[in-house]
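Trainee: Quick one, fold the following:
(2 chains)
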Number of protein chains: 2
Amino acid sequence: MKKTTIHDIARELDVTFSTVARALNDHPAISAATKAAVLETAKRLNYQQNKLASSLRSGRTNVIGIIVPSLDTSFFSSVVHGIEKVMNENGYSMLLYQTGESLKQEQKGIETFLQSRVDGIISSVSGEVEGREFYEQISKRQVPLLFFDRAINELPVPSVTINDYQAGFVATEHLIKEGYKHIAHFTSDQNLTIFKERFRGYRDALQQYGLPMNEDMICKGRLSLEFGKDSVTRLLEQEKNFDAVFAAEDYTAMGALQVLLERGIKVPQQMGVMGFANEAFGAFVTPSLSTVDQQTIRMGEETAHLFLKLIANKDFYGTTPERIVLDPILIPRHSSQTVEPR
Amino acid sequence: MKKTTIHDIARELDVTFSTVARALNDHPAISAATKAAVLETAKRLNYQQNKLASSLRSGRTNVIGIIVPSLDTSFFSSVVHGIEKVMNENGYSMLLYQTGESLKQEQKGIETFLQSRVDGIISSVSGEVEGREFYEQISKRQVPLLFFDRAINELPVPSVTINDYQAGFVATEHLIKEGYKHIAHFTSDQNLTIFKERFRGYRDALQQYGLPMNEDMICKGRLSLEFGKDSVTRLLEQEKNFDAVFAAEDYTAMGALQVLLERGIKVPQQMGVMGFANEAFGAFVTPSLSTVDQQTIRMGEETAHLFLKLIANKDFYGTTPERIVLDPILIPRHSSQTVEPR
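Mentor: As a prediction, the model looks like this:
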C-alpha cells in the first residue's frame, strides 16, 4: 500500500535523494543520461509524480476546488453543473467538498484544496460566521478565490450572487396581488445574508402595500420539510390569522402545503403557499408550488466566466473585487394563484 | 498569483534547490540550522508544503476521492452523505468528482485524485464501458479502490451494491399482485449491470406468474422525465395493451405519471405506475409514487466501513475482494395500489 517515493527511486539507482529530485524537476545540473534513468525507474516503480513537482515551474495544476454547503438540494448541484460545464470546456477539472454547513468542515476543505495545490477556490460559505480567518490565508497565498450565492461581503473577494432582497420582495408582492393579506414567513435561523435579505424584501413589500407585519407569524428554524410542517401546525393551533405562507426554501413550503392539505384547507383558495429555489419537485406536486427561480445554471456559468476572466488578468487580488448580482425570476404556480375570485 | 516554489526559497537563502528539497524532507545530510532557516523562509514566503512532501514517509494524506456519475439525483448525494459521515468520524476528508456519465471525465477524475495523492478512491462507474484500463493503474499503484452501486464485476475490486435483480423482481411482483397484467418497462439504454439486472428481475417475475413479456412494451433510452413522457405517449398512441408502467428510475416514472393524468387516465385505477430509487419528490406528488428504496445511507455507511476495514488490513489487493450486496426495500404508494377493487 505504501506509495513509491523519491527515496525508493534513489535507492534503486544508488544515487542521492537530491539527484532524483533534481532529475524529476529537470534541473540543468543533472545529465540527460541520469534524467532518463530516473524517469525510467520512476515509471517502472509506478512513481506518481505529484502535480506540485510537474507544476513547479508553470505553477498550475488546472484543478479548481469548489466548496458547497450541501449537494442535496438541486440549487447547489445545478449551480455546480453550470460552473463545471464552462470550466471543463476551458481545460479545468473540478473537485467538490461538502461542508454540511459546518465552519470546521469548511476550513478543512480549504486546507485540503490548498494542499492539493488547486489553481483556485470557488466557495459558497456555511451558515456559521465566526472565525473566518482561513479565507485570508487564501489571498495571502495568492490563490484565486471567488464566492457564489453566499458571500462574505466584508472580504474583498469577487462574487456572483442573486438579489435576494428583490426575490423576497417580488414573492411577497405576488401573494399580495393575488389577494392574500396576512402572510406568514418561514425562514432560517442561520446568520446568513441571503436569508436576512429575503426577509427584508418581505418586510418592505408588506410596508409598501400598507399591510401590517406580525412578528408572531415569522417562524425561524432549520429549513426542512419538518420545519415547514411544525411551523404551519403551530400557527394553525394558535389560531393565528394568516392566509398565506412565504417560505424561504421549497422543502419548507412543501411541508406547510402537506399539512394544509391534510387538514382540508384549500390551497390556493383558502391559503396561498410560496416557496423559494425552484426545486425540481415543485412542478410535480398538486397544487404545483409557486416559487422563485435563482437562475442556477446561469449563476454557475457567470461564476466560471468571472473566474476565468480574473485568472487571465493574473492580478486576482489587485483591483476592486467585481460583484455580479443576478435577478431572481418569479415562478407563479397553482399554490398561489386563485383560479376563481375569492 | 504565482505560487512560492522550492526554487524561490533556494534563491532567497542562496542555497541549492536540492538543499531546500532535502531540508523540507528532513534529510539527515542537512544540518539543523539549515533546516530551521528553510522552514522559516518557507513560512515567510507562504510556501504551502504539499501533502506529497509531508506524507513522503507516512504515505498518507487522509483524503479519499469519490467518483460519482452525478450528484443531481438524491440517490448519489444520499449515498455520499452516508460515506462522508463515517469517513469524517474517522479523520478523513472527502473530495468529490462528477463524471456526467462520461468515461473521459471518469479517467480525468481518477488522474486528478492520483495526482493529489489521495489515500484511496471510491467509485461508481459511468455508463460507458470501453477502455477501463485506467482502473488497473490504481491497483498497480497500490491505491485502495472500492466500487459502490455500479461496479465492474470483471475487476477484482471490493464493492457494495444493491441486489438489482431482486429489486426488479419485487417491483414487478407487486404490480402483478395488485392485479396489473400487462406491464411495460422503461429502462436505460446504458450498458450497465444495474439496469440489466432490474430488467432480468422484471422478466423473471412475469414468467413466474405466467404473464407474457411483450418486447414492444420495453422502452430503452436516456432515463429522464422527458423519456418517461415520450415513452408512455408512444405506447398510448400505438394503442398498446398495457395497464402498468415499471420505470427503472423515478423521474422517468414521474414523466409517465404526468402524461397519464393529463390524458385523464386514472392512476392507480386504470393504470399502475412504479418507479425506482425513492427520490424525495415521490412522496409529495398526487398520487404518491410507488418505488423501490435502495438503502442509500446504509449503502454509504457500508461502503465506508468496508473501506476502513480493508485499509486497516494494509493488504487491500491481497485477498479475494469482498462484495457486499444489500437488499432493496419495496415502497408501495398510491400510484400502484388500487383502493377499490378493479
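
Trainee: got a list of what residue A:333 touches?
Mentor: If you count contacts by CB atoms under 8 Å, 6 or more residues apart in numbering or on different chains, residue A:333 has them with A:282, A:283, A:287, A:288, A:289, A:290, A:291. (C-beta placed from N, C-alpha, C; glycine too.)

Trainee: List, one by one, the residues from the stretch 151-300 of chain A near chain B.
Mentor: Within reach of chain B by CB under 8 Å from any CB of the partner chain, the stretch 151-300 of chain A has these residues: A:254, A:258, A:280, A:281, A:284, A:285, A:286.

Trainee: Could you export those as CSV, including pLDDT, neighbour count and secondary structure?
Mentor: Below are these laid out as CSV (pLDDT from 0 to 100; neighbours: other CB atoms under 10 Å in any protein chain shown; DSSP: H, G, I helix; E, B strand; the rest coil):
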residue, pLDDT, neighbour count, secondary structure
A:254, 95, 27, helix
A:258, 94, 17, helix
A:280, 81, 19, helix
A:281, 85, 21, helix
A:284, 85, 21, coil
A:285, 89, 22, coil
A:286, 86, 15, coil
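
Trainee: Spatially, which two of the contacts of residue A:333 are the most separated?
Mentor: Farthest apart among these by CB to CB are A:287 and A:291. That separation is 12.3 Å.

Trainee: Show me which of those two is the more surrounded one.
Mentor: Using other CB atoms under 10 Å in any protein chain shown, the more surrounded residue of residue A:287 and residue A:291 is residue A:291, with 27 against 19.

Trainee: Return the residues in contact with the spatially closest residue to that one that is not a sequence neighbour.
Mentor: In space, residue A:291 comes closest to residue A:275 once its chain neighbours are excluded; the distance is 4.3 Å by CB to CB, 6 or more residues apart in numbering or on different chains. The contact partners of residue A:275, taken as CB under 8 Å, 6+ apart, are A:247, A:249, A:250, A:252, A:253, A:254, A:282, A:289, A:290, A:291, A:292, A:335.

Trainee: Sort out for me which of the residues you listed are in strands.
Mentor: Within the contacts of residue A:275, residues falling in strands by DSSP state E are A:247, A:291, A:292.

Trainee: pretty sure the second one contacts residue A:274?
Mentor: Yes: in this structure residue A:291 lies within contact range of residue A:274 using CB atoms under 8 Å: 6.9 Å.

Trainee: shared neighbours, the two?
Mentor: Residues touching both residue A:291 and residue A:274 (CB under 8 Å, 6+ apart) are residue A:253.

Trainee: Give me the buried positions along the biggest helix by length in chain A.
Mentor: Using DSSP state H, we find that the single longest helix of chain A is helix A:296-313. Neighbour counts over helix A:296-313 (16 or more other CB atoms under 10 Å in any protein chain shown) mark A:296, A:298-308, A:310-311 as buried.

Trainee: which SSE is the residue in the stretch 1-150 of chain A that chain B sits nearest to in?
Mentor: Nearest residue of the stretch 1-150 of chain A to chain B: residue A:18, at 3.1 Å (CB to the nearest CB). When secondary structure is defined using DSSP states H and E, the element that contains residue A:18 is helix A:17-24.

Trainee: how is chain A carved up into domains?
Mentor: Domain assignment for chain A by automatic domain parsing gives A:6-49, A:63-162+A:296-325, A:164-294.

Trainee: which stretch in those domains is the model least sure about?
Mentor: Confidence, taken as mean pLDDT, is least for domain A:6-49 of these (a mean of 80).

Trainee: if I pick the spatially closest residue to residue A:7 that is not a sequence neighbour, what's in contact with it?
Mentor: Nearest non-adjacent residue to residue A:7, counting by CB to CB, 6+ apart: residue A:17, 6.1 Å away. Taking CB under 8 Å, 6+ apart as the contact definition, residue A:17 lies against A:6, A:7, A:10, B:18, B:21, B:22, B:25, B:27.

Trainee: close enough to count as contact, residue A:184 and residue A:220?
Mentor: No: applying CB under 8 Å, one finds residue A:184 not in contact with residue A:220, separated by 11.7 Å.

Trainee: out of these two, which sits in the more crowded spot?
Mentor: With neighbours defined as other CB under 10 Å, residue A:184 and residue A:220 compare such that residue A:184 has more, 23 against 16.

Trainee: The more buried one belongs to a strand, doesn't it?
Mentor: Yes: Residue A:184: assigned to a strand according to DSSP: H, G, I helix; E, B strand; the rest coil.

Trainee: For it, list each beta-bridge partner.
Mentor: Note on residue A:184: beta-bridge partners by DSSP bridges are residue A:245.

Trainee: quick one: contacts for it?
Mentor: A:217, A:218, A:219, A:231, A:232, A:235, A:240, A:242, A:244, A:245, A:246.

Trainee: Chain B versus residue A:183, what's the distance?
Mentor: 23 Å (CB to the nearest CB, to the nearest Å).

Trainee: who's in contact with that residue?
Mentor: Applying CB under 8 Å, 6+ apart, the residues near residue A:183 are A:172, A:175-176, A:202, A:206, A:211, A:217, A:242-246, A:272.

Trainee: which non-adjacent residue is nearest residue A:263?
Mentor: residue A:236 (6.9 Å).

Trainee: Now flag whichever of the contacts of residue A:275 is closest to residue B:39.
Mentor: Once CB to CB is applied, the member of the contacts of residue A:275 that ends up nearest residue B:39 is residue A:249, at 47.7 Å.

Trainee: my guess is that closest one meets residue A:188, correct?
Mentor: Yes: if you go by CB under 8 Å, residue A:249 and residue A:188 touch, sitting 7.4 Å apart.

Trainee: ok, these two, which is more surrounded?
Mentor: A side-by-side neighbour count of residue A:249 and residue A:188, using other CB under 10 Å, places residue A:249 first with 25 against 20.

Trainee: and the gap between the spatially closest residue to the more buried one that is not a sequence neighbour and residue B:236?
Mentor: Spatial nearest neighbour of residue A:249, excluding adjacent residues (CB to CB, 6+ apart): residue A:223 at 4.2 Å. With distances taken as CB to CB, to the nearest Å, residue A:223 is found 40 Å from residue B:236.

Trainee: More neighbours: which of these two?
Mentor: Neighbour tally, residue A:223 and residue B:236, criterion other CB under 10 Å: the higher count belongs to residue A:223, 25 against 16.

Trainee: So that one belongs to a helix, correct?
Mentor: No: read with three-state DSSP, residue A:223 is coil and lies in no helix.

Trainee: re earlier: which residues touch the residue nearest to residue A:249?
Mentor: A:186, A:187, A:188, A:247, A:248, A:249, A:251, A:252.

Trainee: still on that earlier bit, now render the domains of chain A as a markdown table, adding distance to residue B:90.
Mentor: Shown next, in a markdown table, are the domains of chain A (distance: least, CB to CB, whole Å):
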| stretch | distance to residue B:90 |
| --- | --- |
| domain A:6-49 | 24 |
| domain A:63-162+A:296-325 | 14 |
| domain A:164-294 | 26 |
